[in-house]
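Asks: The amino acid sequence is not available; the structure is as follows:
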């Protein structure tokens, strides 16, 4: 996963946890604006989320943070 995407995911997770608590859930769409302005980056996130990690549609933000810290 490219550094740009990893950084964005970690920031979004931190923001969501700060606003809604450690149990907040999100999908990989949370890392993108409502318009699809960067399809390759969206597909990279989807591939990591669905194919590599085999995550459900919604997962806890704290779990996503943990996965990214375990696999730098």
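Replies: Arrived safely, thanks for sending. Computed from a predicted structure; not experimentally measured. Numbers count the residues shown, from 1 in each chain.
Asks: only C-alpha atoms for contact and neighbour calcs from this point on.
Replies: Fine.
Asks: Residue 31 is in contact with residue 8, correct?
Replies: Yes - between residue 8 and residue 31 there is a contact at 6.8 Å, judged by CA atoms under 8 Å.
Asks: neighbour count winner among these two?
Replies: Taking other CA atoms under 10 Å, residue 8 and residue 31 do not tie; residue 31 has more neighbours (18 against 13).
Asks: which residue sits closest to that one, ignoring its sequence neighbours?
Replies: In space, residue 31 comes closest to residue 9 once its chain neighbours are excluded; the distance is 6.1 Å by CA to CA, 6 or more residues apart in numbering.
Asks: show me the biggest helix of the chain in terms of residues.
Replies: In the chain, assigned by DSSP state H, the helix with the most residues is helix 3-20.
Asks: immediately after that helix, which helix or strand?
Replies: Using DSSP states H and E, the next helix or strand after helix 3-20 towards the C-terminus is strand 25-26.
Asks: Next, count neighbours for the residue nearest to residue 31.
Replies: As a burial measure, residue 9 scores 21 neighbours (other CA under 10 Å).
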